[in-house]
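*Asks:* A predicted structure for the sequence below; I have some questions about it.
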Amino acid sequence: MKYSKRSFHFAVFSVIILNVFYIFSHIERNPAWQLDDLVGFLIILLMVCSAMGVLSGFIAITEPSNKRKWVGLAVNASVVVGVILYLSQ
């Protein structure tokens, strides 16, 4: 249960970061706001959290089956694949 719980927590944290990106995309930007550094930090944090969540999910495959394990692995893997597809354009 240890790694499946971590994978689920990383998935929840990744979804929160994605929602923050969505909010930042709808905020009108002006030269007085310095959001670029914050967005760069959040991108790195999103990739690190998703990668750690995927690794925790793969390690958790040996644990007894539960919904959190599969939800965490699916969310983290989809975020990693989505970011890779976005960056490959």
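*Replies:* Thanks, I have it.
*Asks:* quick check: the most centrally placed residue in the chain vs Lys69, distance?
*Replies:* Closest residue to the average C-alpha location of the chain: Ser14 at 2.8 Å, with CA atoms, centre = their mean. Plainly put, Ser14 is 16 Å away from Lys69 if you go by CB to CB, to the nearest Å. The C-beta positions use only the backbone N, C-alpha and C, and glycine is treated the same way.
*Asks:* what sits against the residue nearest to the centre of the chain?
*Replies:* Leu46, Cys49, Ser50, Gly53, Val75, Asn76, Val79 (CB atoms under 8 Å, 6 or more residues apart in numbering).
*Asks:* what do you get for Arg29?
*Replies:* For Arg29, the contacting residues are Leu35, by CB under 8 Å, 6+ apart.
*Asks:* now it: phi and psi?
*Replies:* Backbone torsions of Arg29, given as degrees, to the nearest 10, read phi -100, psi 140.
*Asks:* ditto for Pro64
*Replies:* The phi/psi pair for Pro64 (degrees, to the nearest 10) is phi -60, psi 150.
*Asks:* okay, now it: neighbour count?
*Replies:* Using other CB atoms under 10 Å, Pro64 has 8 other residues around it.
*Asks:* pLDDT at it, what is it?
*Replies:* pLDDT for Pro64: 85.
*Asks:* same deal with Ala77?
*Replies:* pLDDT, read off for Ala77, is 91.
*Asks:* how many neighbours does it have?
*Replies:* Ala77: 17 surrounding residues under other CB under 10 Å.
*Asks:* repeat for Gly72
*Replies:* Per other CB under 10 Å, the neighbour tally for Gly72 reads 27.
*Asks:* chain neighbours aside, what residue packs nearest to it?
*Replies:* Nearest residue to Gly72 in three dimensions, chain neighbours excluded: Ser7, at 3.4 Å (CB to CB, 6 or more residues apart in numbering).
*Asks:* the one you found and Ser65, how far apart?
*Replies:* To Ser65, Ser7 is 13 Å away according to CB to CB.
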